[in-house]
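# need coordinates for the following:
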Amino acid sequence: MAPRLAPRLLTALLAAGLAFGAGAQEDIRLPDLGSSADALISPQDAQDYGAAMLRQMRSLDMVVDDPLLDDYLNDLGYRLVASSDKPKDHFAFVIVKDPEINAFAAPGGYIAVNSGLIAITHDESELAGVIAHEIGHITQNHLQRAFEDSKKDAPLMALVLLGAVAAGAGSHSGDSPMAVLAAGQGLIAQRSINFTRKDEVEADRVGIQTLANAGFDPRAMAEFFQRMQDTLRAGAGGTDVPELLQTHPVTLSRISDAKSRAGALLAAQKLRPSGTTLVRSEWEKTTAPIAYVKDPTALLAAPAKGGLGTYALMRERTRVLAGDASKLAQYYSASFGTPGFDSPANRYGYALALTRSGSGAKAIAQLQPLLAAHPDNLILGLAMADAQLQAGQRAEALARYARLNVRSPRNRAVALAYAKALTAGGDSAQATLAASLLRPLLDNADEPDVYRSYARASDKAGDSVRAGEAYSDASYLSGRPFDAMEQLKRLLKRDDLDYYARARIQARIADLTPLVLELRKRKVQTVDNPDGQSQ
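Predicted coordinates:
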């Protein structure tokens, strides 16, 4: 199934935002979407804006696309969303390849968490606290309010961010894409400074409620912000200020408010008889204006800290996949003598860094005792298979991938890793098996790597038409719409297409044409059309 392409309204607005970022401000004509914040942008259009932003970020290699991390972060995010004020709204969670400590919310429920923030959290409740805060910005319509204020003198704030990303794609100034994106976020923060503090406090209050409802420690948000504030004080006079404090201003009163509300929530629950719940009227008297806790007994089940929990493994996985594997291998190796550092999670991170830096045999040695202690851990099993493949033990790796696939069928991380291993160095029969493993994933995938891997497997299996379609989809999802269109046009010229293949390709071209035409009309710079010229 091909990825969903942008509708015409998104096409026009996206082009306007990209042109703004590229410096073509004179040709911006945004439609009047109404004066009410609720009517300013439809949920579908907001979702399209966020998806377009994500594609642009992927085109600049700013996203950590990894099935294990994607599933973990989205599972955590949706656990929080289910306990929020708007559990049925669309949300998506993504990890940005940026060492800065920050997170931000974008239109359509897209929430981005920097790899640097995940790496610095101490436990899952802290990470959940940051995400709950960003969810609060969305559920309380803070972005719509920002859109409303920005209409008078600038494009929609989402499009400012999109423009900053696009400017990075076509910049000849030598600025890094991350620097350009940071500048775009800074512009957004500066434009909203008059209402940021009020909205930040509101997002804190709503986020604390969401944390408690989802079974996390409601004190974690305040504790994390306090730690960031302490970092700021320690570096007073320097320039190393956490970006989180620049885009999410933290004051002592804000931290105090968050702590008191979390404390009141816990105190109120302790006064309740065991097994009973806090009714709405009691909760509102205790910590108004936050609502009551839907399931206060969940607070008694605090997540474990450290050890071999999924959170600890995913924190180290984020650190490695977003960083320099060789340097991180040295970091882990040199740090094991530090008291408290030699943990299963850090051994796992060390193994990942070794595998990614070309030392699969050493990674196997690190993983063997971990797997002996936790033989059914899928994350460790997948790491071992990856290490075996890198070390040249292809048969052993394929056997392990196969066992993991039987145990966890349709698991995206297993299927993708297994398919890649089958395709690389395999024959057409193994490539056919790889394609069959990946085909079910295409129904809901928006990651370019899934389509690219399916294309390679299909090509090796002898299905060059399906391969060409998948390569085009991968290009589109990577923020390269012109490349995607050219690939489709070349496919359509083949004389061996059957009726169904030709119809699929023509439908893709019809979907993509409005976006490409609008980008050409406005001479917008993209990574596959850096000069913004007609082609």
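
# any regions of the stretch 101-250 of the chain where pLDDT drops low?
The stretch 101-250 of the chain contains residues with pLDDT under 70 at 144-196, 231-250.

# can you map out the helices along it?
Ranges of helices in the stretch 101-250 of the chain, per DSSP state H, counting those that start in this stretch, are 115-120, 124-139, 142-150, 157-170, 177-191, 193-213, 220-234, 243-247.

# so Arg494 sits in a helix?
No. Arg494: not assigned to a helix; according to DSSP: H, G, I helix; E, B strand; the rest coil it is coil.

# pull the number of nearby residues for the residue nearest to it when sequence neighbours are not counted.
Computed as Cβ to Cβ, 6 or more residues apart in numbering, the closest residue to Arg494 that is not its neighbour in sequence is Val465, at 7.2 Å. Just so you know, the C-beta spots here come from the backbone N, C-alpha and C atoms, and that holds for glycine as well. Val465 sits with 18 neighbouring residues when counted by other Cβ atoms under 10 Å.

# buried sites along whatever helix or strand Val465 lives in?
Taking DSSP states H and E as the criterion, the element that holds Val465 is helix 464-477. Residues of helix 464-477 classed as buried: 465-477 (neighbour count, 16 or more other Cβ atoms under 10 Å).

# contacting residues around that helix?
Outside helix 464-477, the residues that touch it by Cβ atoms under 8 Å, 6 or more residues apart in numbering are 2-3, 5, 55, 58, 435, 442, 446-449, 451-452, 454-456, 458-459, 481, 483-485, 487-488, 490-491, 494, 496-497, 501, 504-505, 508, 512, 528.

# measure Leu354 to Asp204 for me?
Leu354 sits 40 Å away from Asp204 when distances are taken as Cβ to Cβ, to the nearest Å.

# what does Pro99 give?
When Pro99 is compared with Asp204 (using Cβ to Cβ), they lie 25 Å apart.

# repeat that for Tyr451.
Going from Tyr451 to Asp204 by Cβ to Cβ gives 39 Å.

# kindly report the same for Asp342.
36 Å.

# who's more crowded, those two?
Using other Cβ under 10 Å, the more surrounded residue of Asp342 and Asp204 is Asp204, with 25 against 13.

# hang on, isn't the more buried one packed against Phe224?
No. Applying Cβ atoms under 8 Å, one finds Asp204 not in contact with Phe224, separated by 11.1 Å.

# residues near Ile101, how many?
23.

# so it makes contact with Leu117?
Yes. Look at Ile101 against Leu117 with Cβ under 8 Å: they come within range, at 4.8 Å.

# so which residues of the stretch 1-150 of the chain form strands?
92-96, 103-106, 110-114 (DSSP state E, counting those that start in this stretch).

# Provide the strand pairings for the last one, with the direction of each partner.
Based on DSSP bridges, the strands next to strand 110-114 in the sheet, each with its direction, are strand 92-96 (parallel), strand 103-106 (antiparallel).

# give me the buried positions along stretch 415-424.
Buried, per 16+ other Cβ under 10 Å, within stretch 415-424: Ala415, Leu416, Ala417, Tyr418, Ala419, Lys420, Ala421, Leu422, Thr423.

# for the first one, pull up the helix or strand it's in.
Read that as Ala415. Taking DSSP H and E as the definition, Ala415 sits inside helix 412-423.

# can you show me the helices along the stretch 301-450 of the chain?
Using DSSP H, counting those that start in this stretch, helices in the stretch 301-450 of the chain cover 310-321, 325-335, 344-356, 360-373, 378-390, 394-407, 412-423, 428-438, 448-460.

# contact partners for Ser428?
When contacts are counted by Cβ under 8 Å, 6+ apart, Ser428 is found next to Lys460, Ala461, Gly462.

# circling back: touching the helix holding Ala415 from outside, list them.
Here helix 412-423 makes contact (Cβ under 8 Å, 6+ apart) with 66-68, 70-71, 378, 382, 385-386, 389, 394, 397-398, 401-402, 404-405, 408, 430-431, 433-435, 437-438, 440-441, 449-450, 453-454, 456-457, 460.

# with stretch 441-455 instead?
The contact list for stretch 441-455, computed with Cβ under 8 Å, 6+ apart, reads 1, 3, 51, 54, 58, 65, 67, 70, 410, 412, 415-416, 419-420, 423, 434-435, 438-439, 466-471, 473-475, 477-478.

# go again using 7 Å as the cut-off
When contacts are defined by Cβ atoms under 7 Å, 6 or more residues apart in numbering, stretch 441-455 is touched by residues 1, 3, 58, 65, 412, 415-416, 419-420, 435, 438-439, 467, 470-471, 473-474, 477-478.

# for stretch 112-119, same thing?
For stretch 112-119, the surrounding residues in contact (Cβ under 7 Å, 6+ apart) are 64, 73, 93-104, 106, 127, 130-131, 244, 315, 318-319, 322.

# who are the contact partners of the nearest residue to Asp66 once chain neighbours are set aside?
Using Cβ to Cβ, 6+ apart and skipping the chain neighbours, the partner closest in space to Asp66 is Leu321 (5.6 Å). Contacts for Leu321 (Cβ under 7 Å, 6+ apart) come out as Val64, Asp66, Leu69.

# drop anything exposed from the residues you listed.
Buried subset of those (neighbour count, 16+ other Cβ under 10 Å): Val64, Asp66, Leu69.

# show me what contacts the first one?
Okay, so that is Val64. Going by Cβ under 7 Å, 6+ apart, Val64 touches Ile95, Lys97, Ser115, Thr318, Leu321, Ala322.

# and the two most separated of those?
By the measure Cβ to Cβ, Lys97 and Thr318 form the most distant pair in the contacts of Val64, at 9.6 Å.

# which one's more surrounded, those two?
Between Lys97 and Thr318, counting by other Cβ under 10 Å, Thr318 is the more crowded of the two (27 against 20).

# got the contact list for that one?
By Cβ under 7 Å, 6+ apart, Thr318 lies in contact with Val64, Leu69, Ile95, Ser115, Ile118, Ala119.

# please tell me how far Tyr500 sits from Arg508.
Tyr500 sits 13 Å away from Arg508 when distances are taken as Cβ to Cβ.
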